[in-house]
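K.L.:
return a 3D structure for these sequence lines:
(2 chains)
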Amino acid sequence: MSFLEVLYFIVPSAIFYAAPLILVAIGGVFSERSGVVNIGLEGLMVIGAFTGILFNLFFADTFGGATPWLALVAAMVAALLLSLLHAVASISFRADQVVSGVAINLLAIALSLYLVKKIFGKGQTDFITERFARYNVPVLSDIPFIGDLFFKSIYNTSFFAIAVAVVAWFVIYKTPFGLRLRAVGEHPMAADTMGINVTRMRYIAVMISGALAGIGGAIYAQTITNDFGHATINGQGFMALAAMIFGKWHPLGAMGAALFFGLAQSLSIAGSSIPIIQEIPNVFLLILPYVLTIFALAGFIGKANSPKANGKPYIKGER
Amino acid sequence: MSNRATNILVPLVSVILGLLVGAVIMLVSGYNPVVGYTALWNGIFGDLYTIGETLRQITPYLLAGLAVAFAFRSGLFNIGVEGQLIVGWFAAAYVGVAVELPKIIHLPLAILAAAVAGALWGFVPGLLKAKFRVHEVIVTIMMNYIALHVTNALIKTVSDGGDRTEKIFTSASLRSEFFQNLTEFSRLHYGILLALIMVGVMWLILEKTTLGYELKAVGFNQNASEYAGMNVNKNIILAMVISGAFAGLAGAMEALGTFEYVSSKGGFTGIGFDGIAVALLGMNTPLGVIFGATLFGSLKYGALNMPNEAGIPLEIVEIVIAVIIFFVASGYIIRLLLLRAANKKKEAK
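P.N.:
Got it, this is the predicted structure:
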């Protein structure tokens, strides 16, 4: 394979793997910027994937080609509802946010597998028939090099994910809502004094993170695995969490990190057919995202500082 | 109501609520909860064999619970018990197959290898926390995945491309003929004694040594401990190392007792994460961990009987466990409700 061929092969595949990560990581940015740690992203993705696949299987005949997109909406709603549980526990009940997140993860995988076994009588669902289609973007795909790299046989969902990242950047940094969101995560008492409803802001942020994680999970299931079982998500939520931190709690940074992790994932899967990469033992590519995240946190790649009030419940009148 | 009483009531109420939620879910999804819970009961206490297997299941839960609880007491949240367990599992199994030695040396060596591997895996997040103030939760989560992939790669190397190692030499095995005869040939092994001794060790460290006092002090208030002349950084690292060693021992239970080999894994064992539930339910005390491990170990093993006897997916028990964690974590609201109930009673009088 020539270098260009390798590039044409690996870049679209990286973007393809990155799309769900981008969405979930952005969800994490919203939640943690408001001061609520969300370890439950993994579980929210699981519920999204499960709901998406279920909706797709049941309604493929009714909605035809639009099914995968409608399944995203269903997944969004389901994950949003589950994230409410995390919100209630960590915002209203003052639970330890990490513990509540762990509970969400356990609950999501258990509940969806329980239902899969109840409905299908086996450990995984059937394969979906209506999938997201790859397609060539008209005009743009004719551009030499760039067209081949970014616009040939690509999923719409990838564009969607990148668009969401840009919108999230705009919302968090350029709107009053975003300013309030960040204020609540940095210094909730000051924000409260200025008349911002801390509890309300945090609920909204956690719900946004749930919605995005649900969509991300459903995209992952409907583009990569095409069915749902116990190993469908298998750590993608934590990978997104890592992308969020590696991206320093910034939407565009998270997107960049997700794209990079997508590259690592696609290399670890497709690398065996590429010269040079063949020589690197697979395990190094598999652990790369996690090692990099630790390095980023330790400050070797620029200091990653979390929002100040991240993880602390806000109790009115407490100093 | 006294503080102590509510402290014990919160876990109890949580367990009852968890089981209730499980019953409701069974009812809604068209199963009979009475049949379901009877199957669960039989899966735990059915006969001598199941009791033996239940005790076997409790063994790693004890150690995983200790690991999480020990870190908690020093103000650290070790989500990495899962990864530390996996490396401990591999290390013990590796020592078990690599050499053949007299039992008196081989078995302690294999157990020690597991503890050291786990401790090493705990040392990294401890060091990063102490030196760079990096939050241990994220690092330990990342270390879990690194452990999973690295041990899988090592297993492949050790077994010449296969996906499991040979069976360990009997000289490294924890298997016990005595327990096997007692429990109709269940896989119950001597590890449970080791786990119980470790419960005692944790109590001893925390309550009877200067180290334990310092660790707890750091857990309560780092600044005050620093001011009192304690080396906070050293204590943070030590807490993670000891916690990791407990977790590594949990891995040794699987390597030397239950399975007697290590195989590559597609995902996590779940024991480490359940350890969080065990520690929470046990209020991070050594005695509480015995209670938590007994409950969750029993639930986990008993659940295996539910599909056979009642046709109910065993995941129902996982749901119950998740709900219990959720309620224990939300202890504030349960405490509030208990307090209100108590006050009402007082007013009524």
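
K.L.:
leaving out chain neighbours, which residue sits closest to residue B:185?
P.N.:
Closest residue to residue B:185 apart from its sequence neighbours, by Cβ to Cβ, 6 or more residues apart in numbering or on different chains: residue B:49 at 7.0 Å. In this view, the C-beta of every residue, glycine as well, is placed from N, C-alpha and C.

K.L.:
quick check: that neighbour vs chain A, distance?
P.N.:
Noted for residue B:49: a distance of 26 Å to chain A, by Cβ to the nearest Cβ, to the nearest Å.

K.L.:
return the list of helices and strands in contact with the helix or strand hosting residue B:193.
P.N.:
Taking DSSP states H and E as the definition, residue B:193 sits inside helix B:191-208. The elements that helix B:191-208 packs onto, with contact taken as 3 or more Cβ pairs under 8 Å, 6 or more residues apart in numbering or on different chains; DSSP states H and E, are helix B:48-73, helix B:210-220, helix B:232-252, helix B:286-303.

K.L.:
so which of the ones you listed gets nearest residue A:14?
P.N.:
helix B:232-252 (34.5 Å; Cβ to Cβ).

K.L.:
now that closest one against helix B:48-73, angle please.
P.N.:
Between helix B:232-252 and helix B:48-73, the angle comes out at 170 degrees (axes from the mean of the first three to the mean of the last three Cα atoms, to 10 degrees).

K.L.:
what parts of the stretch 201-319 of chain A come near chain B?
P.N.:
Of all the residues in the stretch 201-319 of chain A, those in contact range of chain B (Cβ under 8 Å from any Cβ of the partner chain) are A:230-231, A:234-235, A:238, A:241-242, A:245, A:281-283, A:286-287, A:290-291, A:293-294, A:297-299, A:306.

K.L.:
cutoff 6 Å now
P.N.:
The stretch 201-319 of chain A has residues A:231, A:234, A:238, A:283, A:286, A:287, A:290, A:293, A:294, A:297, A:298, A:299 near chain B, with proximity defined as Cβ under 6 Å from any Cβ of the partner chain.

K.L.:
and the buried ones among these, selectable in PyMOL?
P.N.:
For the buried members of those, the matching PyMOL selection, counting by 16 or more other Cβ atoms under 10 Å in any protein chain shown, is:
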select buried, chain A and resi 234+238+283+286+287+290+293+294+297+298
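
K.L.:
now, which of the residues of the stretch 201-319 of chain A next to chain B lie within helices?
P.N.:
Of the positions in these, A:238, A:283, A:286, A:287, A:290, A:293, A:294, A:297, A:298 sit in helices, assigned by DSSP state H.

K.L.:
hmm, which of the residues you listed is lowest in pLDDT?
P.N.:
pLDDT is lowest at residue A:297 among these; the value there is 77.

K.L.:
which one is that one nearest to, not counting chain neighbours?
P.N.:
Closest residue to residue A:297 apart from its sequence neighbours, by Cβ to Cβ, 6+ apart: residue B:134 at 4.4 Å.

K.L.:
would a markdown table of the helices and strands packed on helix B:191-208 with mean neighbour count and mean pLDDT be doable?
P.N.:
Below are the helices and strands packed on helix B:191-208 laid out as a markdown table (neighbours: other Cβ atoms under 10 Å in any protein chain shown; pLDDT from 0 to 100):
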| stretch | mean neighbour count | mean pLDDT |
| --- | --- | --- |
| helix B:48-73 | 26 | 95 |
| helix B:210-220 | 18 | 92 |
| helix B:232-252 | 28 | 96 |
| helix B:286-303 | 23 | 95 |
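
K.L.:
can you mark which positions in whichever helix in chain B runs longest are buried?
P.N.:
Counting by DSSP H, the longest helix found in chain B is helix B:103-132. Buried residues in helix B:103-132, defined by neighbour count with 16+ other Cβ under 10 Å: B:106-107, B:109-130.

K.L.:
following element in sequence after that helix, please.
P.N.:
From helix B:103-132, the next helix or strand downstream (DSSP H and E) is helix B:136-158.

K.L.:
from chain A, how far off is residue B:205?
P.N.:
Distance of residue B:205 to chain A, computed by Cβ to the nearest Cβ: 24 Å.

K.L.:
picking that back up, of all the residues of the stretch 201-319 of chain A next to chain B, which comes closest to residue B:82?
P.N.:
Of all those, residue B:82 sits closest to residue A:238, with 11.4 Å by Cβ to Cβ.

K.L.:
give the residue spans of the stretch 201-319 of chain A that score low on pLDDT.
P.N.:
For the stretch 201-319 of chain A, the stretches with pLDDT under 70 are A:271-273, A:300-304, A:319.

K.L.:
can you give me the neighbour number for residue B:231?
P.N.:
Other residues lying near residue B:231 total 14 when counted by other Cβ atoms under 10 Å in any protein chain shown.

K.L.:
I meant residue A:2, not that one.
P.N.:
Around residue A:2 there are 8 residues (other Cβ under 10 Å).

K.L.:
so the longest helix of chain B versus helix A:282-298, what angle?
P.N.:
Relative orientation of helix B:103-132 versus helix A:282-298 (the same axes, to 10 degrees): 40 degrees.

K.L.:
packing partners of helix B:103-132?
P.N.:
helix B:81-98, helix B:136-158, helix B:232-252 (3 or more Cβ pairs under 6 Å, 6 or more residues apart in numbering or on different chains; DSSP states H and E).

K.L.:
in CSV: those helices, plus distance to residue B:336.
P.N.:
Putting the helices and strands packed on helix B:103-132 into CSV (distance: least, Cβ to Cβ, whole Å) gives the following:
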stretch, distance to residue B:336
helix B:81-98, 30
helix B:136-158, 27
helix B:232-252, 31
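
K.L.:
and of these, who's closest to residue B:176?
P.N.:
Nearest to residue B:176 among these is helix B:232-252 (14.8 Å), distances taken as Cβ to Cβ.

K.L.:
what helices and strands are in contact with the helix or strand that the closest one is followed by?
P.N.:
For helix B:232-252, the following helix or strand on the C-terminal side (DSSP H and E) is helix B:271-281. Contact here means 3+ Cβ pairs under 6 Å, 6+ apart; on that basis helix B:271-281 packs against helix B:48-73, helix B:81-98, helix B:286-303, helix B:315-329.

K.L.:
next, the buried residues of helix B:271-281.
P.N.:
By neighbour count on 16+ other Cβ under 10 Å, the buried set for helix B:271-281 is B:271, B:272, B:273, B:274, B:275, B:276, B:277, B:278, B:279, B:280, B:281.
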